[in-house]
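A.B. asks: sequence-free structure coming up:
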């Protein structure tokens, strides 16, 4: 059967047919973005789709800003699976991960006592900056995407929040306790005028974790942006008078810090140095929780250089033939925030295969 011409009664011209045939062929080999089930969403398949587990629930939608707008921004996000969706300045929507798959956009995060929000959230990255308003095209596409996702997953308007509202930092040389204010990412999406344009009529009016003293507020400027009741003129003035962001310790979300010569545990663990969830890995191979060291009257002033510290983790112990990663951490065994320490290297859960984890590997995970 020949290709139907423009004048064919079937109404399909040769050029359209070839375009569809070419697009379908390329899509089959994942060489180019392809249209998803909705015509407004373009599917960009992250290689992380092969290994990422599903979320435990979908309670939140977290809005981010990339803090970069170069041509490689989308490719970088897709490669690492750091968002579920991306919206570019022209309003194009890209889907990175499958519907229920984890994306690792939030990192170290907490809201109302629930930690590790990547396990419970859809992450949406907008290509832009935290102190600049999104483009009109981005607002229109975000409004559409939020309407679709909120309807599908039954997410309340108040549970659509910027990353800066849920991110927190571990103690460091500037802050002795875990603190809100690690990032200003997406803070524009907390502003009432912006939320109104996105179809969001509700938002949190205070930080439940600061109020409950689980965290301290470390960025006064960010607090004003997130929770003040202001009109557009007031918010524009506030943004124009932006103070420098608080100093970030430069930590990675899943980092295990190493004590250097002349450094102390308080530089990395602050007031949480003796917590149950602060894990010490000593150079001689001994692993202890901070709380256990305190009971043993350990002198924290004399921690040897080379000791590694992980704050905010459960110590799962050693992997053996009898103690598999699943038996230790359950469904958390392959999550991106689970850490495997083998041969001096720290590897995340979504980068390992359960068949290739050697016995004697240390396992740390978050609840």
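C.D. replies: That came in fine, so what should we check first? Owing to the predicted nature of the structure, the values given are computational and were not obtained by experimental measurement. Residues are numbered from 1 along each chain as shown.

A.B. asks: end-to-end on stretch 175-186?
C.D. replies: 23 Å (C-alpha to C-alpha, to the nearest Å).

A.B. asks: list the contacts of it.
C.D. replies: 62-65, 67, 108, 126, 130-131, 162-164, 167-171, 207, 209-210, 214-219, 222-223, 225, 245-246, 248, 266, 270-272, 311-312 (C-beta atoms under 8 Å, 6 or more residues apart in numbering). In short, each C-beta sits where N, CA and C put it, glycine included.

A.B. asks: out of the residues you listed, which are buried?
C.D. replies: Neighbour-count burial (16 or more other C-beta atoms under 10 Å) applied to the contacts of stretch 175-186 gives 62-65, 108, 126, 130, 162-164, 167-171, 207, 209-210, 214-219, 222-223, 225, 245-246, 266, 270, 272, 311-312.

A.B. asks: where does the prediction get shaky in the stretch 1-150 of the chain?
C.D. replies: Counting by pLDDT under 70, the ranges of the stretch 1-150 of the chain that qualify are 1-38.

A.B. asks: any idea which helix or strand carries residue 315?
C.D. replies: strand 314-318 (DSSP states H and E).

A.B. asks: mind listing what's buried along that strand?
C.D. replies: 314, 315, 316.

A.B. asks: now render these as CSV, adding pLDDT and distance to residue 199.
C.D. replies: As requested, the buried residues of strand 314-318 are exported to CSV (pLDDT from 0 to 100; distance: C-beta to C-beta, whole Å):
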residue, pLDDT, distance to residue 199
314, 90, 39
315, 90, 44
316, 91, 43
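
A.B. asks: between the residues you listed, which is nearest residue 287?
C.D. replies: Checking the buried residues of strand 314-318 against residue 287 with C-beta to C-beta, the nearest one is residue 315 at 6.5 Å.

A.B. asks: for the helix or strand that the strand holding residue 315 is followed by, buried residues please.
C.D. replies: Using DSSP H and E, the helix or strand that follows strand 314-318 in sequence is helix 325-329. Of all the residues in helix 325-329, those buried under the rule 16+ other C-beta under 10 Å are 325, 328, 329.

A.B. asks: Provide the secondary structure category for the closest residue to the first one other than its chain neighbours.
C.D. replies: What that stands for is residue 325. Of all residues not flanking residue 325 in the chain, residue 333 sits nearest, at 3.9 Å (C-beta to C-beta, 6 or more residues apart in numbering). Look at residue 333: counting by DSSP: H, G, I helix; E, B strand; the rest coil, its state is helix.

A.B. asks: which residues touch residue 333?
C.D. replies: Per C-beta under 8 Å, 6+ apart, neighbours of residue 333: 324, 325, 326, 349, 354, 363, 365.
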